[in-house]
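Undergrad: could you work out the structure for the sequence below:
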Amino acid sequence: MNTKWIVRIILLLGLWVWVTPSVIFAKGMMIPSKILAYGGRTFAGFQDPEYPSYDRALREYLIKRIDQTFGVLLDPGRYSGFDLLEIESLFKLKKSDEPFDLFLKMFPKNQ
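TA: Residues are numbered from 1 along each chain as shown. Below you'll find the predicted structure:
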């Protein structure tokens, strides 16, 4: 009886490991290599020499993803990468009758 459960658990884990990446790739949610190059790194702050290139890559990726998901085209020079992460999460939570501009007014525009 115990071996049946162990085999079932192993099969379920194997199926999960096989299906999860295929679902992610099917949705086109692959993270670009520009952003993955910074994986695991920490920055001392905005003055860190590598931070601007990371923020630029993050902005480009998020603007493309927001445009594909919600149909809202944002200017990459107006919002930081972290602002765009917050904007995307708010767009996911907004009600269908709420305008996108309502959420964009909450973020200062960097110019």
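Undergrad: tell me the first helix or strand C-terminal of the lowest-mean-pLDDT helix or strand in the chain.
TA: Least confident element among the helices and strands of the chain, by mean pLDDT, DSSP states H and E: helix 2-26 (a mean of 71). Sequence-wise, the next helix or strand downstream of helix 2-26 (DSSP states H and E) is helix 33-36.
Undergrad: quick one: low-confidence ranges for this protein?
TA: Within the chain, the ranges that satisfy pLDDT under 70 run 1, 16, 18-31, 109-111.
Undergrad: now with 50, please.
TA: Residues of the chain meeting the criterion pLDDT under 50: none.
Undergrad: so residue 75, which state does it fall into?
TA: Of the three states, residue 75 takes coil under DSSP: H, G, I helix; E, B strand; the rest coil.
Undergrad: need the contact list for the nearest residue to residue 38 once chain neighbours are set aside.
TA: Residue nearest to residue 38 in three dimensions, not counting chain neighbours: residue 54, with 4.7 Å by CB to CB, 6 or more residues apart in numbering. In short, each C-beta sits where N, CA and C put it, glycine included. By CB atoms under 8 Å, 6 or more residues apart in numbering, the residues touching residue 54 are 35, 38, 41, 43, 81.
Undergrad: any idea which of the residues you listed has the most stuff around it?
TA: residue 81 (19 neighbours; other CB atoms under 10 Å).
Undergrad: residues near the closest residue to it other than its chain neighbours, how many?
TA: Nearest non-adjacent residue to residue 81, counting by CB to CB, 6+ apart: residue 58, 3.5 Å away. Neighbour count of residue 58, defined by other CB under 10 Å: 20.
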